[in-house]
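Asker: can you look at this prediction? I've put the sequence above it.
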Amino acid sequence: MRKLDQCPRVKINAQYCVCTYPDCSRRGLCCECVHYHRLRGELPACYFTTDEEKTYNRSVEFFIQRRTGK
């Protein structure tokens with residue numbers, strides 16, 4: 001099991017984390033967040049604007065649609 005104190009950047013990363021999921025256990029642990037979403041075919045919240053992130057739609061398709069207008 002991971003421990004927040006094992007990441008030397010957890011406090012710095014958490015300051016910039018835009019995830020709005022209230023119970024996110026990966027806040028500030030970027031490597032775990034990327035791994036978690038990658039396994040699900042998703043992108044982490046930091047790839048999205050604030051409004052896009054609030055939809056909780058982390059799909060690659062949604063990301064592409066929002067960037068290309070298609």
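Answerer: Arrived safely, thanks for sending. The structure displayed is predicted, hence computed values, not measured ones.
Asker: so what's the residue count around Pro44?
Answerer: Around Pro44 there are 20 other residues, counting by other C-beta atoms under 10 Å. Any C-beta I mention is one placed from the backbone N, CA and C, and that applies to glycine too.
Asker: again with Leu43
Answerer: 17.
Asker: kindly report the same for Cys33.
Answerer: The tally of other residues near Cys33 (other C-beta under 10 Å) stands at 20.
Asker: what's the closest non-adjacent residue to it?
Answerer: Counting by C-beta to C-beta, 6 or more residues apart in numbering, Cys33 lies nearest to Arg26, which is 4.3 Å off, once chain neighbours are set aside.
Asker: and that neighbour, how far is that from Glu52?
Answerer: Applying C-beta to C-beta, to the nearest Å, the value for Arg26 to Glu52 is 19 Å.
Asker: could you list the residues in contact with stretch 47-55?
Answerer: Residues from elsewhere that reach stretch 47-55 (C-beta atoms under 8 Å, 6 or more residues apart in numbering): Val18, Cys19, Thr20, Ala45, Arg58, Phe62, Phe63, Arg66.
Asker: wait, isn't the fourth one in contact with Cys17?
Answerer: What that stands for is Ala45. Yes - contact criterion C-beta atoms under 8 Å: Ala45 and Cys17 qualify, at 7.2 Å.
Asker: looking at the two, which has the bigger crowd around it?
Answerer: Ala45 (21 against 18).
Asker: I'd like the distance between the closest residue to Cys7 other than its chain neighbours and Lys11.
Answerer: In space, and not counting its chain neighbours, Cys7 is closest to Leu29: 5.7 Å by C-beta to C-beta, 6+ apart. Separation of Leu29 from Lys11 (C-beta to C-beta) stands at 11 Å.
Asker: quick one: which of the two has more around it?
Answerer: Neighbour count, other C-beta under 10 Å: between Leu29 and Lys11, Leu29 has more, with 22 against 10.
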